[in-house]
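Student: Structure, please.
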Amino acid sequence: MANALLSIQILPSTPGGESVIPYVDRAIEIIKASGVPYRVAPLETTMEGELSHLLAVVQEMNDAMTAMGCASVISQIKVYYNPQSGASMGRLLEKYPDGQ
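Tutor: All right, here's what the predicted structure looks like:
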């Protein structure tokens, strides 16, 4: 059972002021490859899993941004941590499964 939800908005400082879209796409690829359940939303992506693993995914995302030429990266994260009862996107979205 997952013990955390982590939402991230990644804001890379792109080389030459390029569009951030290819960089965000790369960050989402990293999340997908991690194997954790996730949900992409307009302003952030939420992942579900063990807190230590989710933080490692964030580290990998930041490393990828600098490897792609970004001088710096801002990663705004929100964490819901519940080691006793667990954390579930499905449980928190029961009333609003379609986001409405």
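Student: Which secondary structure state is assigned to the residue sitting furthest away from the middle of the chain?
Tutor: Relative to the centre of the chain, the most outlying C-alpha is that of residue 16, 24.7 Å out, by CA atoms, centre = their mean. Secondary structure, DSSP: H, G, I helix; E, B strand; the rest coil: residue 16 is helix.
Student: Check the gap between it and residue 47 for me.
Tutor: 30 Å (CB to CB, to the nearest Å). Every C-beta, even on glycine, is put in place using the N, C-alpha and C of the backbone.
Student: For this structure, which segments are assigned as strands?
Tutor: Listed in chain order, the strands of the chain (DSSP state E) span 4-12, 38-40, 45-49, 73-81.
Student: Please produce a markdown table containing these, extended by mean neighbour count.
Tutor: What follows is the strands of the chain, written out as a markdown table (neighbours: other CB atoms under 10 Å):
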| stretch | mean neighbour count |
| --- | --- |
| strand 4-12 | 21 |
| strand 38-40 | 16 |
| strand 45-49 | 21 |
| strand 73-81 | 13 |
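Student: out of those, which comes closest to residue 90?
Tutor: Ranking the strands of the chain by proximity to residue 90 (CB to CB) places strand 45-49 first, at 8.7 Å.
Student: Show the pLDDT at residue 93.
Tutor: On pLDDT, residue 93 comes in at 89.
Student: For it, the count of nearby residues, please.
Tutor: Neighbours of residue 93 under the rule other CB atoms under 10 Å: 13.
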